[in-house]
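> Make a model of this:
(chains A and B)
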Amino acid sequence: MSGKTISYEELIPGYEFPPAVYELSASFVSKYLKAVDSVGDGFVPPLAITACAIAAMTRSIPLPSGTIAIHASQELEFFKLVPIGDTIECHIGVAQKIARGKMSMLILELEVFDKGKEKVQSGRATIALPT
Amino acid sequence: MLTEIQEGKALNPVVRHITQEKINLYAEASGDFNPIHVDESFAANTPLGGTIAHGMLNLAYVSEMMTSAFGRSWLSGGKLRAKFKESARPGDTLTINGKIDCIEQKDDVSYANCSFECRNQKGEIIVTGEAIIKLSSDKR
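Residues are numbered from 1 along each chain as shown, chains lettered A, B, ... in the order given. So this is what the prediction gives:
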């Protein structure tokens, strides 16, 4: 998912973003905890993992200059704790694309796996985008 | 963590003040540098009229409340559904409240069904939603 952008036309149900791999280092977790005003407990906060996946995805979606994407809703399910230092792999695909006037609602499905290929979390994000 | 898990029980609220510095820190941590969050001059010229906090930053505060109440049961057995109703902006103070609406038994496992909302200092709802936590057997 790193850096590559795609066109709107490619964002159709069934499209899958290239998997994104992250090392959840101690410095990343420390930076995240500082940003969210929280203290750690030795594991990676599950929303830190989601944040990586969402950020990588939004970087890959092309936005016309001067326009914005709005995160409308989010569903998440956490299955497993992830120790600091582990590597995760994020898979995101387009589940639905709904046109509403001058906006498109993109419904994206997310699955995150640890290095042992066990599912860590899954989710569904709804993003409103200008068409 | 909650000492007693029972229907109607309120979760300890979380209160956080939003600043542009915190939004910038979140952008650095997450890698989400969408200009609507970090570019004040860009954001001023959009319909939103200024920068807004990342939705996932607001949701992180919800998760903190759930972690505080349910510990690892939340971190490895939690489920949530959230709607972002309004944007949180620099200068806002967010208060996240939640409660246990009901406790259900399914296949000999207990689940706590919670509702939550995040409001700003004007009482406007920023995030609202529900969460389900799979409870370990020693929770009740």
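> can you list the weak-confidence ranges in the chain?
Unless you meant another one, I'm taking chain A. Low-confidence segments of chain A (pLDDT under 70): A:1-5, A:62-67, A:131.
> hm, I was asking about chain B
In chain B (pLDDT under 70), the answer is B:136-140.
> where do the strands sit along it?
For chain B, the strands defined by DSSP state E cover B:14-17, B:78-84, B:93-106, B:109-119, B:125-135.
> which one of those strands lies closest to A:A99?
With CB to CB as the measure, strand B:78-84 is the member of the strands of chain B nearest A:A99 (20.4 Å). C-beta coordinates here come from the backbone N, C-alpha and C atoms, glycine included.
> Which strands or helices does the closest one pack on?
Strand B:78-84 is packed against strand A:70-78, helix B:55-70, strand B:125-135, with contacts defined by 3 or more CB pairs under 8 Å, 6 or more residues apart in numbering or on different chains; DSSP states H and E.
> And for it, what's in contact with it?
The list of residues contacting strand B:78-84 from outside it, by CB atoms under 8 Å, 6 or more residues apart in numbering or on different chains, reads A:46, A:70-78, B:55, B:58-59, B:62-63, B:66, B:70, B:126-134.
> and the angle for it with strand B:109-119?
Between strand B:78-84 and strand B:109-119, the angle comes out at 20 degrees (axes from the mean of the first three to the mean of the last three CA atoms, to 10 degrees).
> quick one: is stretch A:116-131 near chain B?
No - judged by CB under 8 Å from any CB of the partner chain, stretch A:116-131 and chain B are separated, with a smallest distance of 8.8 Å.
> An error on my part: the question was meant for stretch A:40-53.
Yes - Stretch A:40-53 lies within reach of chain B by CB under 8 Å from any CB, at A:F43, A:P45, A:P46, A:L47, A:A48, A:T50, A:A51, A:C52.
> now that stretch: how far from the chain's centre is it?
Relative to its chain's centre, stretch A:40-53 lies at 12 Å (CA atoms, centre = their mean, to the nearest Å).
> Just give me the neighbour total for A:H91.
Neighbour count of A:H91, defined by other CB atoms under 10 Å in any protein chain shown: 18.
> Deepest in the core, which of the helices and strands packed on strand B:78-84 is it.
helix B:55-70 (a mean of 24; mean count of other CB atoms under 10 Å in any protein chain shown).
> Off-centre distance for that helix?
Using CA atoms, centre = their mean, the offset of helix B:55-70 from its chain centre is 4 Å.
> right, and A:I127 touches A:I68 too?
No - if you go by CB atoms under 8 Å, A:I127 and A:I68 don't touch, sitting 10.6 Å apart.
> Residues that sit against both of the two, list them.
The contact lists of A:I127 and A:I68 share no entry, where a contact means CB under 8 Å, 6+ apart.
> I figured A:I88 hits A:E111, correct?
No - using CB under 8 Å, A:I88 makes no contact with A:E111, being 10.5 Å away.
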